[in-house]
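> Task: produce atomic coordinates for the following.
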Amino acid sequence: MGTVLQQANLSETGFGGPHLKGCNENLVVTRPDVVLSIHRKYLEAGSEIIETNSFGSTPIVLGEYELADRAPEMNRRAAELARQATEWNFPAARPRRIARRPGRYLDASAPGRDRGAPHRRDDDGPGSERERTRLSSS
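Residues are numbered from 1 along each chain as shown. Below you'll find the predicted structure:
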């Protein structure tokens, strides 16, 4: 998902402003049409499984963009968009599944991030992976 989103060459405005450029997770809020279009293209090409656009949707990762408090919203919206894509005009006989995409590292491209600093795993925070699982399944 992330690579295809990067190929969309979205503007800073598409991400929600210059401070959010590169925050693909925020696109479920600012450009859900792009995320939904990518899901549909995968399904049209024959994919039976699509992933949610939630790779970095943990409070720790989103905190680098000052969006930590919006993690629940983004996880829910990512799951809703994937679900919406699977319900779109596809043959009923073809199975379609949604996989939550778990990410592990902080975003090295976040504005102000020290590129030389060692990456910290997002599961260093107590329960962050558990929390994302809970949020995306609610």
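> drop to CA atoms for contacts and neighbour counts, all remaining ones
OK.
> and the residue lying farthest from the centre of the chain, how far is that from residue 51?
Centroid-distance maximum for the chain: residue 93 at 28.0 Å, with Cα atoms, centre = their mean. Here residue 93 is placed at a distance of 20 Å from residue 51 (Cα to Cα, to the nearest Å).
> Tell me where this structure has strands.
49-51, 97-99 (DSSP state E).
> mean pLDDT lowest for which of those strands?
Mean pLDDT is lowest for strand 97-99 among the strands of the chain, at a mean of 87.
> What strands line up against that strand, and which way round?
Applying DSSP bridges, strand 97-99 is found paired with strand 49-51 (parallel).
> now residue 53, nearest residue through space, not along the chain?
Excluding its sequence neighbours, the residue lying closest to residue 53 (Cα to Cα, 6 or more residues apart in numbering) is residue 78, at 5.4 Å.
> which strands and helices sit next to the lengthiest helix in the chain?
Counting residues, the longest helix in the chain under DSSP state H turns out to be helix 71-86. On a contact count with 3 or more Cα pairs under 8 Å, 6 or more residues apart in numbering; DSSP states H and E, helix 71-86 meets helix 27-30, helix 32-44, strand 97-99, helix 128-137.
> Many thanks, we can stop here.
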